[in-house]
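Q: from the sequence below, what's the structure:
(chains A, B and C)
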Amino acid sequence: MDRSGWMLAGLVALLAALSALWMLQGLGAGNRGFVLGLRAGKLAALVIVGAAVAVATVLFQTVAANRVLTPSIMGFDALYVLIQTTLVASFGTAAYAGLPAGGKFLSEVAVMTALACLLFGTLLARGGRDVPRMILTGVILGVMFRAMAGFLGRIMDPSEFAVVQSVSFASFNRVNADLLPIAAAVTALAVGLALRMAPRLDVLALGRDAAVSLGLRHQALVLAALALVSALVAVSTALVGPVAFFGLIVAGLAHALARTARHRVLLPAAALIAACLLVGGQWLFERQLGQAATLSVVVEFAGGLFFLYLLLKGRIR
Amino acid sequence: MRLVPALSMALAALMLASLTVGAANVDLRGIFRDPQAMLVLLESRLPRTLAVTLTGAALSVAGVLIQVLVRNRFVGPDTSGTAEGAALGLLAITILAPTSALWLRMGAAALGAMATTALFVTVIRRLPPREVMLVPIAGLVLSGVLGAVVTFIGWQTDLMQYVGAWLYSGEFSGVIAGRYELLWIAGLAAGLAWLAADRFVILALGQQVATGLGLSTAAVMRLGLLVVSVVTAMVVTTVGMIPFVGLVVPNLVSRIMGDNLRASLPVVALAGALLVLACDLIGRLAIHPYELPAGLILGVLGAGLFLWLLHKRPSHG
Amino acid sequence: MIQIEGVSHHIGTAQILRDISTSLPEGRLTALIGPNGAGKSTLLRLIGRLEPLQAGRITVDEHDVARCPTGCLARVMAILGQQTAIASRLRLSELVGFGRWPHHQGRPSADDHARVAEALDAFALTPLAGRFLDEVSGGQAQRAHIAMAFAQDTPWLLLDEPLNNLDMSHARALMVRLRGLVADGGRSVAMVVHEINYAAAWADHVVAMKDGRIFATGAPAEVLTEEVLSALYDASIRVGQHHGRPLVLHHA
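A: Numbering: from 1, shown residues only, chains lettered A, B, ... in the order given. Now for the predicted structure:
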């Protein structure tokens, strides 16, 4: 096995150990089945979210040829929230709530994928030479989507004060359990497709000119990657809410640890690192520190500082 | 320039409209015969109209100043950590001395705002001036990081409701006589900026020119910081942050009449008041008799305007 | 042969190219020259399908650039745009290795590895092969990019200002290498050059452009004359002779 193989094996072992710790630590005598079931659900959610955020971020950074971006910074999760709100608004709250969770989620993913490809495909195609302007546009689009979602929410239910707030930050505690099976399926499919695209993604990472010169169907690949990113962002946002900067840390760690630009290594490495961080972090905060709500804030805070650091170091290009 | 009279007329008309529109309609013609209507007018409508006007004018002027301070057009008091700083100051005083007097709370808010704005300005001044788009991105992320801190503290101390009202709501429906007068301080601070308009113009030309002309840049920068912080702190505490006004209005005015602040600051103030008042009116009429927060409408409208500015602006700007 | 027929191009409201028709001969080293903003790079990028064709038709060895699948074109021509920063951390050997991608699509053979080694050697990069791109100088990175295009092993090589960042000796070495490709390897090269004496010394064919139009074409001795160059650059330019080739004098 080469260096990358050992590293991935090590990460798998670490994740297994953390999962075992998560599942078994402090397990009392009574009601084992119930507690285990509860813990397993949460573990699955953390792993799925980790994989989704990590793979989405690495893919997006490759497409944008930029290492300080995450899909959330560019407004992907805000777009998802907006789509969700719009669907509720157009079908009516009661009617929409009555639909099966899986079907709803899949249709949201479909709309999201189409819109994101249209919007961000154009943005990336136009903004290639002026990266900061492109980022700023994405950030502001995110602000706008969020405000629009709040706007729609208010129109639907004028007495509802918390519409804007509830979508403003993430929580790893309130996981939507109904969605777990379908979310797992979508994530597995998207990650599998991303791994299949890995050799082409390696070429894409060389930048548009080089990729086209090497005969890559650039536009098609960018759209395919953006579609995967959209689906993965929809998964993580639906499960835990918007996580803007977590992906940045994960992708940065993956690049540093893997020391290669090959996506066949990078993608699984990032996914495993993210899952380890989330499972380990949630274990630490929930079981050891008794601060279940803290992890998302700590993660976002650290990620935001990391972003500022990259920015001020001039690593934006 | 005939801009000032035209804008003044428009503002006067909107203010009149603002006096009559709301959950209860007030007929201005019969006002002296109807004590009930008089009460609504004096206790609610007039204060609200004044509050909106003052907020719009003061925030726009603060926007001009922060743009001068960091020599970048794409920032505003809402995207430079200022509002979050004010909220941080308020949180601190609320936790440490829950029963403190109003002026003390205002002082804390202004101090917090000043500290974070100074941090932002210091950081930005270390960036190479050519990186035009990095500045707003850094500001947005700094706001985000500080916002995460505020949210976290608010959550831990059960003060989330206040935090929401300071940072996310931006609405005027709660304004009645006796609860908005602090905004006059914001208005006064903005007026102070006008007295020093020439100094700010010179400051905007850069350190070298300013020194060459014998201007003490440090003093002018302190004045600018003071005005921006006081305005933002007052707005945050009384009505909550209104997004994009301080960012968009200075840009629009500058496109039309340039950057001679002595001539343009009054126009900036008028235009800002007009914009916020228009949004507040839309908010009152859109789902009458319910209300939409003006901040939400500006979140959508302002973001759209900003994106337009970002992409239409000639590159030499 | 590269055939260009009636090509126009605009970006926004600015007209970059105006109804250009010309051809670049096979088995020759062609230099595109002209003042800033003449449209040289745009023309090269259109040939290399880095920009979509708006009007007109371009064929490279009978392959229509607008119609032919991009994967097929990648085995006919390699184009090197102006230095682009690469976001991922790559070793020089890996970057040059990507030049073989059109041939193996991610599964390199022994032959591919051999050609990569050859390309690294040809541009004196073998000692640097294990270094990361962001650990080498601008000129070394530029050479690595050229080596990648070289490793692509295509009949046509299109280079947009390849001499940027190169010192005098590496610039000359590159020109010698390209000359050899054309003379011995039977390949064809088209390049945008700013330093006109490189065109004078090494090119077989010169295309001079100005304001989005073809200003003059032909052998260096025909195009690089005092009248043509003075009109092309709107400045009085003197041309001398050195070893039977034109030598443009800036300091006259």
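
Q: so how far is chain C from residue A:268?
A: Remark: distance between residue A:268 and chain C (CB to the nearest CB, to the nearest Å) = 16 Å. All C-beta atoms are positioned from the backbone trio N, CA, C, and that covers glycine.

Q: helix or strand: which one has that residue?
A: Here residue A:268, judged by DSSP states H and E, is contained in helix A:263-282.

Q: quick one: is that helix near chain B?
A: No. If you take CB under 8 Å from any CB of the partner chain as the test, helix A:263-282 misses chain B, and the best it gets is 15.0 Å.

Q: quickly check: the next helix or strand after that helix near chain C or not.
A: Heading C-terminal from helix A:263-282, the first helix or strand you meet, by DSSP H and E, is helix A:294-312. No. Using CB under 8 Å from any CB, helix A:294-312 never reaches chain C; the gap is at least 12.3 Å.

Q: pLDDT (mean, whole number) over helix A:294-312?
A: The average pLDDT within helix A:294-312 is 78.

Q: nearest to chain A: which residue in the stretch 1-150 of chain B?
A: Closest contact between the stretch 1-150 of chain B and chain A, by CB to the nearest CB, is at residue B:133 (3.0 Å).

Q: which residue is nearest the middle of the chain?
A: By default, I'm working from chain A. Central residue of chain A (CA atoms, centre = their mean): residue A:53, 2.5 Å from the mean position.

Q: hmm, I had chain C in mind actually
A: Most central in chain C (CA atoms, centre = their mean) works out to residue C:159, at 1.8 Å.

Q: name the nearest residue to that residue, sequence neighbours excluded.
A: Of all residues not flanking residue C:159 in the chain, residue C:191 sits nearest, at 4.1 Å (CB to CB, 6 or more residues apart in numbering or on different chains).

Q: what of residue A:242?
A: That would be residue A:77: by CB to CB, 6+ apart, it lies 4.0 Å from residue A:242.

Q: doesn't the one you found belong to a helix?
A: Yes. Residue A:77 forms part of a helix when assessed by DSSP: H, G, I helix; E, B strand; the rest coil.

Q: count the residues that sit near it.
A: 29 (other CB atoms under 10 Å in any protein chain shown).

Q: equivalent analysis for residue C:21, please.
A: Neighbour number of residue C:21 under other CB under 10 Å is 12.

Q: gap between stretch B:153-169 and the chain center?
A: 20 Å (CA atoms, centre = their mean, to the nearest Å).

Q: quick one on the thing from earlier: element containing the residue nearest to the centre of chain A?
A: helix A:32-64.

Q: so how far is that helix from its chain's centroid?
A: 9 Å.

Q: same check, this time on stretch B:97-112
A: Using CA atoms, centre = their mean, the offset of stretch B:97-112 from its chain centre is 19 Å.

Q: so what touches it?
A: Here stretch B:97-112 makes contact (CB atoms under 8 Å, 6 or more residues apart in numbering or on different chains) with B:85-90, B:92-94, B:182, B:185, B:229-230, B:233-234, B:236-237.

Q: could you do stretch A:13-31 as well?
A: For stretch A:13-31, the surrounding residues in contact (CB under 8 Å, 6+ apart) are A:35-36, A:39-40, A:43, A:47, A:272, A:275-276, A:279-280, A:282-283, A:287.

Q: make it 10 Å
A: If you take CB atoms under 10 Å, 6 or more residues apart in numbering or on different chains as the criterion, stretch A:13-31 is touched by A:35-40, A:42-44, A:46-47, A:50, A:271-283, A:286-288.

Q: CA-only coordinates of it in CSV, if you can.
A: Once non-C-alpha atoms are left out, stretch A:13-31 reads as follows in CSV (Å, rounded to 0.1, in the frame of the first residue of the first chain):
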residue,chain,number,x,y,z
ALA,A,13,-9.7,3.2,11.7
LEU,A,14,-10.0,6.5,13.5
LEU,A,15,-13.6,6.9,12.4
ALA,A,16,-14.4,3.3,13.5
ALA,A,17,-12.8,3.9,16.9
LEU,A,18,-14.7,7.2,17.4
SER,A,19,-17.9,5.6,16.3
ALA,A,20,-17.5,2.8,18.8
LEU,A,21,-16.7,5.3,21.5
TRP,A,22,-19.8,7.2,20.5
MET,A,23,-22.1,4.1,20.5
LEU,A,24,-20.8,2.3,23.6
GLN,A,25,-19.5,4.9,26.1
GLY,A,26,-21.6,5.1,29.3
LEU,A,27,-24.1,2.6,28.1
GLY,A,28,-26.2,1.7,31.1
ALA,A,29,-27.8,-1.6,31.8
GLY,A,30,-31.4,-0.6,31.1
ASN,A,31,-33.0,0.3,27.8
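
Q: what does the stretch 151-300 of chain A have sitting close to chain C?
A: By CB under 10 Å from any CB of the partner chain, the residues of the stretch 151-300 of chain A that approach chain C are A:198-220, A:255-256, A:258-264, A:266.

Q: I'd like to know how many residues surround the residue of the stretch 101-250 of chain C found nearest chain B.
A: With CB to the nearest CB, the shortest gap between the stretch 101-250 of chain C and chain B falls at residue C:138, namely 18.5 Å. Residue C:138 has 11 neighbours, counted by other CB under 10 Å.

Q: residue B:112 versus that one, what's the distance?
A: 45 Å (CB to CB, to the nearest Å).

Q: ditto for residue A:206
A: 47 Å.

Q: what does residue C:225 give?
A: 72 Å.

Q: same drill for the two, tell me which one is more crowded.
A: Shown here are residue C:225 and residue B:112; by other CB under 10 Å, residue B:112 has more neighbours (29 against 16).

Q: per-residue confidence at the more buried one?
A: 91.

Q: hmm, back to that, which PyMOL command selects the buried ones in the contacts of stretch A:13-31?
A: Filtering the contacts of stretch A:13-31 down to the buried ones (16 or more other CB atoms under 10 Å in any protein chain shown) takes a single PyMOL command:
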select buried, chain A and resi 39+42+43+44+46+47+50+271+272+273+274+275+276+277+278+279+280+281+282+283+286
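
Q: got the angle between the helix holding residue A:53 and helix A:263-282?
A: On the basis of axes from the mean of the first three to the mean of the last three CA atoms, to 10 degrees, helix A:32-64 is oriented at 140 degrees to helix A:263-282.

Q: so the residue nearest to residue A:242 sits against residue A:239, correct?
A: No. With contact defined as CB atoms under 10 Å, residue A:77 does not count as touching residue A:239 (11.4 Å).

Q: ramachandran angles for residue A:70?
A: In terms of degrees, to the nearest 10, the main-chain angles of residue A:70 are phi -130, psi 160.

Q: how close does the closest residue to it other than its chain neighbours sit to residue B:79?
A: Nearest residue to residue A:70, sequence neighbours excluded (CB to CB, 6+ apart): residue A:247, at 4.1 Å. Residue A:247 sits 22 Å away from residue B:79, going by CB to CB.

Q: what about residue C:196, how many residues nearby?
A: Around residue C:196 there are 25 residues (other CB under 10 Å).
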